[in-house]
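Asks: Provide a 3D model corresponding to the input given below.
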Amino acid sequence: MGSVTEFYSSKNILVTGATGFIGKVLIEKLLRSCSDLKAIYCLIRSKKGLDASERLAKMLSEPLFENLRTEQPNFSEKVIPIAGDILEPELGLSDSDQRLLQDSIHIVFNSAANVRFDEHLRVAVEINVVAVCKMISLCKKFKHLECFVHVSTAYANCERHYIEERIYPSPTDPHHVIDALDWLDDDMLTQMTPKLLGSKPNTYTFTKHLGEEVLLREASDLPVVIIRPSIVTAAWREPVPGWIDNMNGPSGLYIAAGKGLLRSMIADHRVVADLVPVDLPVNMMIAIAWHRACVQKTNCLSVYHSTTGGLNPFTWGEMENAVITYFKNNPMDSCFRRPKNNILTRNSFLHDFWILVSHLIPAYAADLGYLLIGKKRRMVKIYTRLHKSMEILEYFTTRSWDWTHANLDALKSSMTPEDQKTFCFDPRMMHWPTYIQNYCLGTQKFVLKEDPSGIPAARAHLKKLRNIRYVFNTVALVVLWRLLIANSNLARNSWFFVLSLVFKFVRFFRLTSTLTAQ
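Replies: From the prediction side, this is the model:
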């Protein structure tokens, strides 16, 4: 059977979504831990004036590949760009590239996807469903295909509380939805979307489910394996603890909390936050391709869950405490306000109150200040984006799911102890507080590009913000009370009554002190 590393020796691999978050980590891990592989072909489209080769070269120069550059200076020679676009007919591949892939590819990792939860249905279907059909057609022409690994999501069946490692019937026929794209314009699709989604919360989960249905129907003769990660977050161990390159999902919320922008959010403290560090599903992807080709050797489509809630649960409340504690000790540069405790709430009325008082009023006040000093207004726009993200995530911060993991355990038991260590995908060993600290540090270092040497100055800035808040609160309280005394007999009489009690207490204290001294 051989080890995982030996299996990848002399193999040619095709990766879609190579420039995405999972794709980058997958390529780095394959090159570092399976260095005897022959080549990795990356399907990359032109973007922002850069062709496939230029985008690949830019990606390989990122800090993510720094350790690899030291260990294997010529690693880039094994990474080959293939110009294409999953939205184009036949994936935009030239005839020569199609022949090259058909004659050489052994393993396919299909991680290309649109992960925006609020994407228009047409775009989501084109990328998450139609592109899967195109990949199936392409892979059926491959002469040496040993495994096709498709990246789905653990939330493809989020309308269910208990989710097994199998494909559930889709809410509608995928091809009926695809056909509807040809004769419905965007406005009509928008009007029909809520009915099509049914109990699904968004177009992302809906189209990922349809993508699985397409694989079940049309790829029965291919060695297909589906992996379903939950909320993919910063790296746990590799290639660098805390590495992250985007502000999607929790990353954006961490930054907003650290900057003092986020003051309230709808979430249940008791609900499990099913975060999965990116290196866990990546290691599992590599291992399940080996397992499918060397151990399973059947055409039965297998599903694997890469989740943490059932194996090493960590709640949103615990996460909030860890994040706020970190950012109070290691503040970000140029915080808008001091990070706030007790951000999460299940009370919608209280949430709306804090949104008005602590989000909107400060945002408009800040923009007014920017306008008066001649700077560009930005705070209202930032809060608009933040509120949109919070609204999208609310479905996932107020619910828990139970995913089975029998296939994960079976996969792990079939691996040697050395392979289990090299390609670790079991979250039971994670220590969440330490991971969250590294995650928060990663948002500062890799996303915001902040210099750690600036932390002392950031701490001084937080103290200044604290003093400003104390002064403002004191002045506001005095002004409010003076207004109450001036306009309310009840408030005035209450004030004089309290003062008289204080004076009586002081006189009594002095009298008892004098008697004691005598």
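
Asks: Not counting sequence-adjacent ones, nearest residue to His209?
Replies: Spatially, and ignoring its direct neighbours in sequence, His209 is nearest to Ala156 (4.3 Å; Cβ to Cβ, 6 or more residues apart in numbering). C-betas here are computed from N, CA, C, even on glycine.

Asks: burial of the one you found, as a residue count?
Replies: Per other Cβ atoms under 10 Å, the neighbour tally for Ala156 reads 27.

Asks: Please apply the same query to Lys381.
Replies: Counted with other Cβ under 10 Å, the neighbours of Lys381 add up to 12.

Asks: and it, what element?
Replies: Using DSSP states H and E, Lys381 maps to helix 379-397.

Asks: for whichever helix or strand comes after that helix, the distance to its chain's centre please.
Replies: Later in the chain than helix 379-397, the nearest helix or strand by DSSP H and E is strand 402-403. Averaging C-alpha positions (Cα atoms, centre = their mean, to the nearest Å) puts strand 402-403 19 Å from its chain's average.

Asks: tell me the contacts of Pro241?
Replies: Ala235, Asn438, Gly442 (Cβ atoms under 8 Å, 6 or more residues apart in numbering).

Asks: now these as CSV including secondary structure and distance to Cys133?
Replies: Listed next are the contacts of Pro241 as CSV, based on DSSP: H, G, I helix; E, B strand; the rest coil; distance: Cβ to Cβ, whole Å:
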residue, secondary structure, distance to Cys133
Ala235, coil, 32
Asn438, helix, 39
Gly442, helix, 36
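
Asks: List only buried entries from these.
Replies: By neighbour count, with 16 or more other Cβ atoms under 10 Å, these hold Ala235, Asn438, Gly442 as buried.

Asks: quick one on the thing from earlier: which secondary structure elements does the helix holding Lys381 contact?
Replies: helix 250-258, strand 265-266, helix 361-372 (3 or more Cβ pairs under 8 Å, 6 or more residues apart in numbering; DSSP states H and E).

Asks: Including mean pLDDT, distance to Pro433 and mean neighbour count, could the ones you listed go into TSV?
Replies: Output for those, formatted as TSV (pLDDT from 0 to 100; distance: least, Cβ to Cβ, whole Å; neighbours: other Cβ atoms under 10 Å):
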stretch	mean pLDDT	distance to Pro433	mean neighbour count
helix 250-258	93	14	23
strand 265-266	95	20	22
helix 361-372	92	30	14
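
Asks: Out of those, flag the one nearest Ser400.
Replies: Of all the helices and strands packed on helix 379-397, strand 265-266 sits nearest to Ser400, with 15.1 Å by Cβ to Cβ.

Asks: Can you list the strands that that closest one pairs with?
Replies: Within its sheet, strand 265-266 is paired with strand 344-345 (parallel), according to DSSP bridges.

Asks: quick one: terminal-to-terminal distance for stretch 120-132?
Replies: One end of stretch 120-132 sits 18 Å from the other (Cα to Cα, to the nearest Å).

Asks: Local confidence estimate at Lys297?
Replies: Lys297 is assigned a pLDDT of 69 by the prediction.

Asks: Distance from the chain centre to the longest helix seen in the chain, please.
Replies: Counting residues, the longest helix in the chain under DSSP state H turns out to be helix 455-487. In this view, helix 455-487 has its centroid 36 Å away from the chain centroid, taken as Cα atoms, centre = their mean.

Asks: what's the answer for stretch 395-410, then?
Replies: The chain centroid and the centroid of stretch 395-410 are separated by 16 Å, computed with Cα atoms, centre = their mean.

Asks: Show me where the chain has its strands.
Replies: Using DSSP state E, the strands of the chain run over residues 12-16, 39-44, 79-83, 107-110, 147-151, 162-163, 224-229, 231-233, 265-266, 275-277, 302-306, 344-345, 402-403.

Asks: helices or strands next to the second one in the packing?
Replies: In this case it means strand 39-44. Short answer (3+ Cβ pairs under 8 Å, 6+ apart): strand 39-44 packs on strand 12-16, helix 21-33, helix 52-60, strand 79-83, helix 95-104.

Asks: measure stretch 411-430 end to end?
Replies: 19 Å.

Asks: same thing with stretch 43-57?
Replies: End residues of stretch 43-57 are separated by 13 Å (Cα to Cα).

Asks: Please shift the residue numbers so they start at 35 in all later answers.
Replies: Sure thing, new numbering starts at 35, so read that last one as stretch 77-91.

Asks: Tell me which residues of that stretch come out buried.
Replies: Going by neighbour count (16+ other Cβ under 10 Å), the buried part of stretch 77-91 is Leu77, Ile78, Arg79, Ala86, Arg89, Leu90.

Asks: Spit out the contact partners of the first one.
Replies: For Leu77, the contacting residues are Leu48, Val49, Thr50, Ala52, Ile116, Gly118, Ile120, Leu125, Leu127, Ala146, taking Cβ under 8 Å, 6+ apart as the criterion.

Asks: Count the neighbours of the closest residue in space to the third one that isn't next to it in sequence for me.
Replies: Spelled out, that is Thr50. Sequence neighbours aside, Ala146 is the residue nearest to Thr50 in space, at 3.9 Å (criterion: Cβ to Cβ, 6+ apart). Using other Cβ under 10 Å, Ala146 has 26 neighbouring residues.

Asks: what's the answer for Arg380, then?
Replies: When counting by other Cβ under 10 Å, one arrives at 14 neighbours for Arg380.

Asks: follow-up on the earlier one: ok, so of the contacts of Pro275, who is nearest Phe41?
Replies: Using Cβ to Cβ, the shortest approach to Phe41 within the contacts of Pro275 belongs to Ala269, at 23.7 Å.

Asks: what would the strands of the chain look like in CSV with distance to Lys234?
Replies: Conversion of the strands of the chain to CSV gives the following (distance: least, Cβ to Cβ, whole Å):
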stretch, distance to Lys234
strand 46-50, 24
strand 73-78, 28
strand 113-117, 33
strand 141-144, 22
strand 181-185, 19
strand 196-197, 14
strand 258-263, 15
strand 265-267, 17
strand 299-300, 19
strand 309-311, 21
strand 336-340, 18
strand 378-379, 25
strand 436-437, 17
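
Asks: Between those strands, which one is closest to Thr241.
Replies: With Cβ to Cβ as the measure, strand 181-185 is the member of the strands of the chain nearest Thr241 (13.2 Å).

Asks: pLDDT-wise, which helix or strand of this protein ranks last?
Replies: Least confident helix or strand of the chain, by mean pLDDT, DSSP states H and E, is helix 523-551 with a mean of 68.

Asks: circling back: which of the contacts of Leu77 lies closest to Phe387?
Replies: Of these, the one sitting nearest to Phe387 (Cβ to Cβ) turns out to be Ala146, at 42.6 Å.

Asks: excluding its backbone neighbours, what's nearest Ser368?
Replies: His495 (7.2 Å).

Asks: so where is the stretch 185-334 of the chain shaky, pLDDT-wise?
Replies: Per-residue confidence for the stretch 185-334 of the chain (pLDDT under 70) gives these ranges: 331.

Asks: Helices of that one, start to end?
Replies: Secondary structure of the stretch 185-334 of the chain (DSSP state H, counting those that start in this stretch): helices located at 208-217, 220-231, 237-252, 284-292, 313-325.

Asks: nearest residue to the spatially most central residue of the chain other than its sequence neighbours?
Replies: For the chain, the residue nearest the mean C-alpha position is Gly283 (3.8 Å; Cα atoms, centre = their mean). Spatial nearest neighbour of Gly283, chain neighbours left out: Ile265 (5.4 Å); criterion: Cβ to Cβ, 6+ apart.

Asks: If that neighbour is in a bridge, with which residues?
Replies: Beta-bridge partners of Ile265, as defined by DSSP bridges: Leu309.

Asks: distance of it from Met353?
Replies: With distances taken as Cβ to Cβ, to the nearest Å, Ile265 is found 11 Å from Met353.

Asks: same thing with Arg156?
Replies: Applying Cβ to Cβ, the value for Arg156 to Met353 is 35 Å.

Asks: Then Lys234?
Replies: Noted for Lys234: a distance of 25 Å to Met353, by Cβ to Cβ.
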